[in-house]
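Trainee: Have a look at this prediction, sequence included:
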Amino acid sequence: MNVASPSVAGVLIAAYLLGSVPFGLLLTRLFGAGDLRSIGSGNIGATNVLRTGRKGLAAATLLLDLAKGATAVLIARAVFPGTEALAALAAVVGHCFPIWLRFNGGKGVATTMGVSLALAWPIGLAYAVVWLGMLAATRISSLGGLSAVIAAPIAALLTGHETYAPVLAALALLVLWLHRANIARLQAGTEPRIGQKG
């Protein structure tokens with residue numbers, strides 16, 4: 001596959017643009033919850049939407065961020081089979097660095113789950129189990145998400161989908177880097193739990 005070909009470039013651009021749709025910001029504005037970037041951590045993801053007190057908007061943000069990642073992968077697979085891993089990468093990069101918000105977006109956990117599910121459902125299932133399990137055990141959103149992104153490439157290797165392991169490992173590194181402040185707080189024991197003020 002020639003990454004520089006117009007077809008592949010088109011898939012990457014489309015996946016990036018789809019991933020860059022800031023659903024959290026759009027929903028909070030649409031339903032009068034204010035500018036998400038001035039609330040809590042300033043992040044555009046579902047965890048920060050939850051800090052507005054609007055649980056329904058947080059759930060919708062989570063599902064839409066997940067769906068846009070899955071959609072990007074499924075479209076790429078249908079139009080140009082073999083480009084789905086690149087589309088997965090582009091969609092998550094779009095979410096994290098959206099052109100519409102001067103490349104200041106979310107941290108990629110929900111969108112990475114979406115691409116994981118679309119790449120191969122066993123990977124997505126492992127992602128969900130680890131994410132929700134760690135979240136239930138600790139009530140620390142960042143720890144659940146970080147555990148899940150680390151589990152994804154491992155799950156790819158263990159379930160016979162090793163082709164997707166490199167891109168999932170790259171996404172894990174990206175998400176870990178974007179959570180570097182959270183990791184520092186986890187190490188210090190100061191990372192807030194869900195329900196506490198961030």
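Mentor: Received the coordinates, thanks.

Trainee: contacting residues for residue 52?
Mentor: Residues in contact with residue 52 (Cβ atoms under 8 Å, 6 or more residues apart in numbering) are 28, 33, 34, 36, 39, 58. C-beta coordinates here come from the backbone N, C-alpha and C atoms, glycine included.

Trainee: With adjacent residues omitted, what lies nearest to the third one?
Mentor: Read that as residue 34. In space, and not counting its chain neighbours, residue 34 is closest to residue 28: 6.2 Å by Cβ to Cβ, 6 or more residues apart in numbering.

Trainee: Quick one: residues contacting that neighbour.
Mentor: Neighbour list for residue 28: 34, 35, 36, 39, 49, 52, 54, 57 [criterion: Cβ under 8 Å, 6+ apart].

Trainee: Would you agree residue 84 is in contact with residue 70?
Mentor: No. The criterion here is Cβ atoms under 8 Å, and residue 84 misses it with residue 70 at 10.6 Å.

Trainee: Those two: which has the busier surroundings?
Mentor: Using other Cβ atoms under 10 Å as the criterion, residue 84 and residue 70 rank with residue 84 on top: 26 against 20.

Trainee: Show the pLDDT at the more buried one.
Mentor: Predicted confidence (pLDDT) for residue 84: 95.

Trainee: so how far is residue 97 from it?
Mentor: Noted for residue 84: a distance of 20 Å to residue 97, by Cβ to Cβ, to the nearest Å.

Trainee: what's the answer for residue 38, then?
Mentor: Counting by Cβ to Cβ, the gap from residue 38 to residue 97 is 20 Å.
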